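Undergrad: Got a sequence here, can you model it:
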Amino acid sequence: MTLGATRSEPVARTAAFDCSAWPVPHPAPFLCDLTIDHSQVSRAVAHVDNIAFVRWVDRVAVLHADDLGFTRGDLLERGVMWFVVRHEIDYLAEVWPGDELVLATWVRTMRRVKSWRDTLVMRPADHTLVCRASTLWVLVDLQTRRPIRHDTDMVSRFAPLDSPSGANRCTSR
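TA: Model (predicted):
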């Protein structure tokens, strides 16, 4: 996916992106590209609707989990699924059709049954941080509908920020 293509939802980034100029604390965030199209513009005001941001935050989390081998299909086979408990979103700048964005997401913490994930939406063309979001996720046993603990493999693959890690800069995809 090149930045010039029009997409109505995030797609995993394949090109390098230097995060050092952005407030990305994770050494290897998951990155996506998104070029805004007219389908995301509010009918009331000529800019991207706030609900689009919520969709992006959710979608980039799913893509990150997929990339790590935790697809929704795989989770369903295991009888578990991630559920959102809380979204905290700071809308920092407007976005319009044609804007080329980069989304960065990473897992901040994984404690017992809860996990905080952070996401930034950035517009590199004018070096604008467009949106900052944090989402509280809980892994749920679908049979009992109760939260369950993350296994060590899951924690290891998601590489939460609060676990031992390397440098605080990325040049990842």
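Undergrad: Run the chain-centre distance for stretch 95-112.
TA: Here the centre of stretch 95-112 is set off from its chain's centre by 4 Å, with Cα atoms, centre = their mean, to the nearest Å.
Undergrad: Now that stretch: buried residues?
TA: 95, 99-108, 110 (16 or more other Cβ atoms under 10 Å). Backbone N, C-alpha and C define where each C-beta goes, glycine included.
Undergrad: what would those residues look like in TSV with secondary structure, pLDDT and distance to residue 75?
TA: Listed next are the buried residues of stretch 95-112 as TSV, based on DSSP: H, G, I helix; E, B strand; the rest coil; pLDDT from 0 to 100; distance: Cβ to Cβ, whole Å:
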residue	secondary structure	pLDDT	distance to residue 75
95	coil	92	31
99	coil	93	32
100	strand	94	31
101	strand	95	27
102	strand	96	27
103	strand	96	22
104	strand	97	23
105	strand	97	18
106	strand	97	19
107	strand	98	15
108	strand	97	20
110	strand	95	15
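Undergrad: Closest to residue 118 out of these?
TA: Nearest to residue 118 among the buried residues of stretch 95-112 is residue 108, at 5.2 Å by Cβ to Cβ.
Undergrad: Check which element follows the longest strand anywhere in the chain along the chain.
TA: Counting by DSSP state E, the longest strand found in the chain is strand 128-141. Elements were assigned by DSSP states H and E; along the chain past strand 128-141, the next helix or strand is strand 146-147.
Undergrad: got the contact list for that next one?
TA: 113-114, 138-141 (Cβ atoms under 8 Å, 6 or more residues apart in numbering).
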